[in-house]
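>>> what's the 3D shape of this:
(one chain, ligands or ions: 1)
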Amino acid sequence: RAVHWRRDPAGLPVGAMQVVIVGAGFAGLCMGIRLKQMGIPFTILEKNPTVGGTWLENRYPGCAVDTPNHFFSYSFAPNHAWTRHFSQRPEIHRYIEDCFERFDIRRYVRFGVEVTRAAFDEATARWAVTIRPSAGGAEESLSCRALVTAVGQLNRPAIPSIPGLDDFKGPLFHTARWDEAVPLAGKRVAMIGTGASAMQAAPAIAPEVAELVVFQRTPHWAVHNPNYHKTVSAGNLWCLEHIPYFGQWLRFQLFWAGSDGFHASLQVDPDWTQPDLSLNEANHRMREMLTEHVRKELAGDEDLLAKVIPGYPPYGKRMLRDNHWYRMLKRPNVTLETAQIERITENAIVMRDGRVHEVDVIILATGFQASKMLAPMEIAGRGGRTIRAAWGEDDPRAYLGITAPGFPNFFMIYGPNTNLAHGGSIIFHHECQVRYICQALREMVEEGYASLEVRPEVHDAYNHLLDETCRRMVWTHPGVTSWYKNKANRVTVTSPWRLLDYWKLTQHFVPAEFRAARPGEPMQ
Ligand code: N01
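This next block holds a predicted model:
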């Protein structure tokens, strides 16, 4: 629905609502499509030379999605031709590219520019956005009424501070910066980390390398899904193509499973008798099911089994999908190393117990700096106060994960506490956030507001409830370390709400929760 451009007695000129979106991945594209449909002018700024965000940057072998694709795609752009239930990176990237073309968004994107700083000017109620070419060069400033960040949470690789890392003479790279020029065939390869990236990359390279040493600091739980490696059957493709609403029904089922499915198993039962291992009955049943799968896969290798069964409850860290991980560990050319790394030398990784693994290549599957949200951009709100000052080093907070007091006309997609850790599609979350932001912008245009800012008490009450809810969930379990939390053990990244709850929370923009001002007037 296009915005009804009310003739504005307060003087906000028609067309004064220019929006800058930072990021041309799934989230930025979604925002652009909706703004275009509303008739609101916008520009998307993208640091890379083309679209795709995380699906452009992560190019490691085996890179794929682990949310079913019929849900991990836009509700308004269903793709009935997914070849797999869990598609590989190239097919997902093609889908994103196709949407950019189909909705004619590419011409709104400025590629190869990084936003270094955005500052809100209270006199004009506009954001001044400073950009510079990604390849280096002179800075430039853009002005807009509203700023929307769509930069994701998982875009700055976490490089571990292992002593001697810089001494290594061979190739060394992070999974999200995969060096395709480095041949791995016949090489001795070290992979540090056993999270979602390693779970996909290691089994993909294991058959070609001479030796693969996987360095596991903590084991992760991984679930078996019979569809994970399957292509979509001809029967399903036919149904998707020919039966009305079949695609929506499939999507709804996946939504419902992600919404309700295992949410109960994440809640701490204070009376539970084995709190180290599980949280409640449902969580314990999950533990038994997962353990049974690993037992079957490792058939009798008790040493390996003892190393890979986590000591913390299921869902404490992100639940992985078994990508033939356990079978890979049984390969004769694969070693699972669980001792602590002491240091790295020019050609080896030395363990704390003195053992040495000589390797040719080191791959860091060590994750991302998720809690340092929006970094390295500097966002300065009212009074010049930066978001870093408001959040500290690693304590991001926002109302609904979208907006923060002191930062008028500023909206985030995939902001604090919006990551999904219990099933569901992050694209669904993006769509909830985009719909909410569009309603806020519509409110501004139709009411002639120059600025709009969430009330601090609304923000604080929401975050209080969120913290209380997270405290009763598996992520704050004392046996669990993860990137879902900051150094103070507060969950900053992940959403505690079921999909349905978040959909309801963001369904209607409530004007009373915001302060607003028409041009030249004080905030009310
Ligand atoms: O990163 P991670 P990831 N010494 O942080 C270990 C998304 N994603 O890139 O568990 C030794 O999960 C660390 O050990 P520990 C998805 O949301 C999605 O794998 O902290 N080890 C851990 O094993 C995912 O959750 C897909 O003890 C060190 C690993 O490195 C998120 O990205 C695919 C270490 C990091 O795991 C991040 O996944 C891929 C050190 N100093 C990624 N530092 C899909 O399928 C860290 N580790 C959609």
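
>>> contacting residues around the closest residue to the ligand within the stretch 251-400 of the chain?
Residue of the stretch 251-400 of the chain nearest the ligand, by CB to the nearest ligand atom: residue 367 (2.4 Å). C-betas here are computed from N, CA, C, even on glycine. Listed by CB atoms under 8 Å, 6 or more residues apart in numbering, the contact set of residue 367 reads 154, 157-158, 193, 195, 197, 483.

>>> Intersect those residues with the contacts of the ligand.
154, 193, 195, 197, 483 (CB under 6 Å from any ligand atom).

>>> Ignoring the adjacent residues along the chain, who's closest to the third one?
Meaning residue 195. Distance criterion CB to CB, 6 or more residues apart in numbering; nearest residue to residue 195, sequence neighbours excluded, is residue 367 at 5.7 Å.

>>> Would you report the backbone torsion angles of the one you found?
phi 80, psi -160 (degrees, to the nearest 10).

>>> now the helices: where do they sit in the chain?
Per DSSP state H, the chain carries helices over the ranges 26-38, 54-57, 89-102, 196-205, 234-242, 246-259, 281-298, 302-308, 325-329, 387-391, 426-447, 456-471, 499-505.

>>> And the helix or strand bottoming out on mean pLDDT in the chain, what does it pack against?
Within the chain, judged by mean pLDDT, DSSP states H and E, the helix or strand with the poorest mean is helix 246-259; its value is a mean of 89. With contacts taken as 3 or more CB pairs under 8 Å, 6 or more residues apart in numbering; DSSP states H and E, helix 246-259 sits against helix 234-242, helix 499-505.

>>> For the stretch 401-524 of the chain, what lies in contact range of the ligand?
So far as CB under 6 Å from any ligand atom goes, the stretch 401-524 of the chain lies against the ligand at 481, 483.

>>> go on, the stretch 151-300 of the chain?
So the stretch 151-300 of the chain meets the ligand at 154, 160, 162, 175, 192-198, 200, 215, 217-218 (CB under 6 Å from any ligand atom).

>>> One more: the stretch 1-150 of the chain?
Near the ligand, when you scan the stretch 1-150 of the chain using CB under 6 Å from any ligand atom, you find 64-66.

>>> Among the residues you listed, which one lies nearest to the ligand?
Using CB to the nearest ligand atom, these come closest to the ligand at residue 66, 3.5 Å.

>>> The closest one reaches residue 86, doesn't it?
Yes. Distance between residue 66 and residue 86: 6.0 Å, which falls inside the contact criterion (CB atoms under 8 Å).

>>> Mind listing the shared neighbours of these two?
228, 321.

>>> contact partners of the least confident helix or strand of the chain?
By CB under 8 Å, 6+ apart, helix 246-259 touches 67-68, 70-71, 75, 78, 80, 239-240, 420, 422-425, 428, 498-500.

>>> Show me which of these are buried.
67-68, 70-71, 80, 239-240, 420, 422-425, 428, 498-499 (16 or more other CB atoms under 10 Å).

>>> For stretch 172-183, output the C-alpha coordinates as CSV.
The C-alpha trace of stretch 172-183 is given here as CSV (Å, rounded to 0.1, in the frame of the first residue of the first chain):
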residue,chain,number,x,y,z
LEU,A,172,45.6,-18.9,7.3
PHE,A,173,42.1,-17.6,6.7
HIS,A,174,38.6,-17.4,8.3
THR,A,175,35.7,-19.4,6.9
ALA,A,176,33.9,-16.1,6.0
ARG,A,177,37.0,-14.9,4.1
TRP,A,178,37.7,-18.2,2.3
ASP,A,179,40.7,-18.0,0.1
GLU,A,180,39.7,-19.9,-3.1
ALA,A,181,43.3,-19.5,-4.4
VAL,A,182,44.6,-21.8,-1.8
PRO,A,183,44.5,-25.5,-3.0
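
>>> quick one, what contacts residue 202?
191, 212, 214, 325, 328, 334, 365 are the contacts of residue 202 under CB under 8 Å, 6+ apart.

>>> picking that back up, which one of the helices and strands packed on helix 246-259 is the most hemmed in?
helix 499-505 (a mean of 18; mean count of other CB atoms under 10 Å).

>>> Please put the alpha-carbon coordinates of that helix into PDB.
Extracted as PDB, the C-alpha positions of helix 499-505 are listed here (Å, rounded to 0.1, in the frame of the first residue of the first chain):
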ATOM      1  CA  LEU A 499       8.000 -16.500  16.100                       C
ATOM      2  CA  LEU A 500       4.300 -16.000  16.700                       C
ATOM      3  CA  ASP A 501       5.000 -13.800  19.700                       C
ATOM      4  CA  TYR A 502       7.500 -11.600  17.800                       C
ATOM      5  CA  TRP A 503       5.100 -11.400  14.900                       C
ATOM      6  CA  LYS A 504       2.400 -10.100  17.300                       C
ATOM      7  CA  LEU A 505       4.800  -7.700  19.100                       C
END
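
>>> residues near residue 515, how many?
17 (other CB atoms under 10 Å).

>>> Not counting its neighbours along the chain, what's nearest it?
residue 523 (4.6 Å).

>>> mind showing which ranges of this structure have poor pLDDT?
When residues are selected by pLDDT under 70, those of the chain lie in 1-16, 260-261.

>>> again, 90 this time
1-17, 256-265, 274-275, 299-300, 371, 421-424, 446, 478-479, 519-524 (pLDDT under 90).

>>> what about the strands in the stretch 51-200 of the chain?
109-111, 113-121, 126-133, 140-144, 146-149, 172-174, 188-192 (DSSP state E, counting those that start in this stretch).

>>> In JSON lines: those, plus mean neighbour count.
Below are the strands of the stretch 51-200 of the chain laid out as JSON lines (neighbours: other CB atoms under 10 Å):
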{"stretch": "strand 109-111", "mean neighbour count": "17"}
{"stretch": "strand 113-121", "mean neighbour count": "19"}
{"stretch": "strand 126-133", "mean neighbour count": "19"}
{"stretch": "strand 140-144", "mean neighbour count": "15"}
{"stretch": "strand 146-149", "mean neighbour count": "25"}
{"stretch": "strand 172-174", "mean neighbour count": "19"}
{"stretch": "strand 188-192", "mean neighbour count": "24"}
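
>>> Can you add distance to residue 415 and give the ones you listed back as a markdown table?
Listed next are the strands of the stretch 51-200 of the chain as a markdown table, based on distance: least, CB to CB, whole Å:
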| stretch | distance to residue 415 |
| --- | --- |
| strand 109-111 | 21 |
| strand 113-121 | 15 |
| strand 126-133 | 16 |
| strand 140-144 | 18 |
| strand 146-149 | 8 |
| strand 172-174 | 24 |
| strand 188-192 | 29 |
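
>>> Tell me who's in contact with the spatially closest residue to residue 193 that is not a sequence neighbour.
In space, residue 193 comes closest to residue 365 once its chain neighbours are excluded; the distance is 3.6 Å by CB to CB, 6+ apart. Residues in contact with residue 365 (CB under 8 Å, 6+ apart) are 174-175, 191-195, 197-198, 201-202.
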